[in-house]
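Colleague: sequence unknown, structure follows:
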């Protein structure tokens with residue numbers, strides 16, 4: 001029952017951490033393919049260290065490229081590894097190009113695909129992530145949804161109920177597992193002169209939010 005985890009970005013590392021660690025605990029044979037879609041120290045290596053994850057078995061060294069070239073190179077590299085390993089199942093997470101390439105490569109080779117965080121929908125097809133998550137869901141054999149809402153979206157799209165499982169979200173696993181470690185190790189509040197519970201945190205990273213100065217200014221006005 002060899003499991004191959006395919007990841008490539010910071011969110012995937014964090015959100016697959018609990019599954020990888022469960023595999024270690026249960027003695028399940030597994031391997032990790034890292035596409036290196038994210039490759040900078042603070043977007044990649046630091047999370048393997050802080051979350052105490054094993055070193056990936058394969059680094060593909062893809063890096064930042066156009067969508068087409070990035071996915072194409074990932075497909076070639078992942079297929080090569082899967083042909084040599086032939087796992088029982090490939091696990092991908094989320095909606096990244098790494099997850100799409102991993103799911104496609106496995107599906108074309110007849111290897112079952114498990115999609116963690118399945119069924120998320122923004123209903124905005126202009127987002128590359130929306131296209132990725134729809135495609136991954138429809139080529140996957142096992143779809144693990146955070147809540148019943150996502151299971152409902154998948155059912156409405158005609159995906160067989162036997163493939164859909166509501167399991168919760170692995171980001172909750174990561175938060176519960178590492179909250180105390182973060183409290184002990186992080187100096188961010190002291191560095192920024194903040195007190196616990198006395199600040200707000202906003203993340204704003206979608207290109208649709210940040211690439212248009214007028215839109216970004218309106219967003220900051222709203223905040």
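Modeller: Arrived safely, thanks for sending. All figures in this text were calculated on a predicted structure; none of them were measured in a lab.
Colleague: Return the helix or strand in this structure with minimum mean pLDDT.
Modeller: Here the helix or strand of the chain ranked lowest by mean pLDDT, DSSP states H and E is helix 207-210, holding a mean of 82.
Colleague: Just to be sure, residue 168 is in a strand?
Modeller: No. Counting by DSSP: H, G, I helix; E, B strand; the rest coil, residue 168 is not found in a strand; it is coil.
Colleague: any idea how far residue 49 is from it?
Modeller: Remark: distance between residue 168 and residue 49 (CB to CB, to the nearest Å) = 26 Å. No exception for glycine: its C-beta is placed from N, CA and C like everyone else's.
Colleague: Which parts of this protein are strands?
Modeller: 3-7, 30-34, 58-59, 89-93, 113-116, 142-145, 164-166 (DSSP state E).
Colleague: nearest to residue 214, of the ones you listed?
Modeller: Counting by CB to CB, residue 214 lies closest to strand 89-93 out of these; the figure is 34.2 Å.
Colleague: The closest one: which residues count as buried?
Modeller: The neighbour-count criterion (16 or more other CB atoms under 10 Å) identifies 89, 90, 91, 92, 93 as the buried residues of strand 89-93.
Colleague: For the third one, give me its contacts.
Modeller: The one in question is residue 91. Taking CB atoms under 8 Å, 6 or more residues apart in numbering as the criterion, residue 91 is in contact with 3, 4, 5, 6, 16, 19, 113, 114, 116.
Colleague: May I see those arranged in TSV, with neighbour count and distance to residue 141 as well?
Modeller: Output for these, formatted as TSV (neighbours: other CB atoms under 10 Å; distance: CB to CB, whole Å):
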residue	neighbour count	distance to residue 141
3	18	13
4	25	14
5	27	16
6	31	15
16	26	18
19	20	16
113	23	6
114	22	7
116	24	13
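Colleague: What is the nearest of those to residue 215?
Modeller: Using CB to CB, residue 116 is the member of the contacts of residue 91 that lies nearest residue 215, at 31.6 Å.
Colleague: Now do that closest one against residue 204, distance only.
Modeller: Where residue 204 is concerned, residue 116 sits at a distance of 25 Å (CB to CB).
Colleague: Low-confidence stretches in the protein?
Modeller: Counting by pLDDT under 70, the ranges of the chain that qualify are 40-43.
Colleague: How about residue 60: what's its closest non-neighbour residue?
Modeller: The spatial neighbour of residue 60 that comes closest, neighbours along the chain excluded (CB to CB, 6 or more residues apart in numbering), is residue 77 at 4.0 Å.
Colleague: show me what contacts that neighbour?
Modeller: The contact partners of residue 77, taken as CB under 8 Å, 6+ apart, are 33, 35, 58, 60, 62.
Colleague: I figured residue 88 hits residue 1, correct?
Modeller: Yes. Applying CB atoms under 8 Å, one finds residue 88 in contact with residue 1, separated by 5.1 Å.
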